[in-house]
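1. I would like to see how this sequence folds:
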Amino acid sequence: MSDSRSLIERFYDRIWNCRDYAVADEILVTGFRFRGSLGSETVGIPAFLAYVDSIHIALEGYRCIIEELVVNLGPRDRGLPVHSPDSAVPCPYGRPLHLLV
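-> Next up, the predicted model:
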């Protein structure tokens, strides 16, 4: 497994899914920048973790599922990842939420 793949999987599984915030200090730099799917941006680990908390509060049972992962792209390689309807996040109001991330 590549280092990039391992890091990405750890980011989503441990930080996003398990909310194991000690991992954030291990794998993220102090000035970590994150832009959410709806456009909000955070700078720094504490702001990012507050964002993760806000998503879990808004979407009960939220989980990130990596269906396909391409790592080590060159500068010309571009792709548009698509969030599959089969792994839609159930919304509190009973309808599925499909995200393009």
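
2. okay, how far is it across stretch 12-31, tip to tip?
-> For stretch 12-31, the first-to-last residue distance is 19 Å (C-alpha to C-alpha, to the nearest Å).

3. Can you tell me what sits against that stretch?
-> Residues external to stretch 12-31 that are found in contact with it (C-beta atoms under 8 Å, 6 or more residues apart in numbering): 7, 10-11, 43-45, 48-49, 52-53, 56, 62-64, 66. Glycine gets a C-beta too; all of them are placed from N, C-alpha and C.

4. If we use 6 Å, what do you get?
-> The list of residues contacting stretch 12-31 from outside it, by C-beta atoms under 6 Å, 6 or more residues apart in numbering, reads 45, 49, 63, 64.

5. are any of those residues buried, and which?
-> Buried residues within those, counting neighbours by 16 or more other C-beta atoms under 10 Å: 45, 49, 64.

6. Provide a list of residues in contact with the second one.
-> Looking back up the chat, that one is residue 49. When the contact criterion is C-beta under 6 Å, 6+ apart, the partners of residue 49 are residue 21.

7. That one looks like it's in a helix, true?
-> Yes - residue state for residue 49 (DSSP: H, G, I helix; E, B strand; the rest coil) corresponds to a helix.

8. Return the per-residue confidence for it.
-> Predicted confidence (pLDDT) at residue 49: the value is 96.

9. export the helix or strand hosting residue 10 as CSV, just CAs?
-> Residue 10 is located in helix 3-10, with elements delineated by DSSP states H and E. Output of helix 3-10 as CSV, limited to C-alpha atoms (Å, rounded to 0.1, in the frame of the first residue of the first chain):
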residue,chain,number,x,y,z
ASP,A,3,2.1,6.0,1.8
SER,A,4,-0.4,8.3,0.1
ARG,A,5,-3.2,5.7,0.1
SER,A,6,-2.5,4.8,3.8
LEU,A,7,-2.5,8.5,4.8
ILE,A,8,-5.8,9.2,2.9
GLU,A,9,-7.5,6.1,4.3
ARG,A,10,-6.4,7.0,7.9
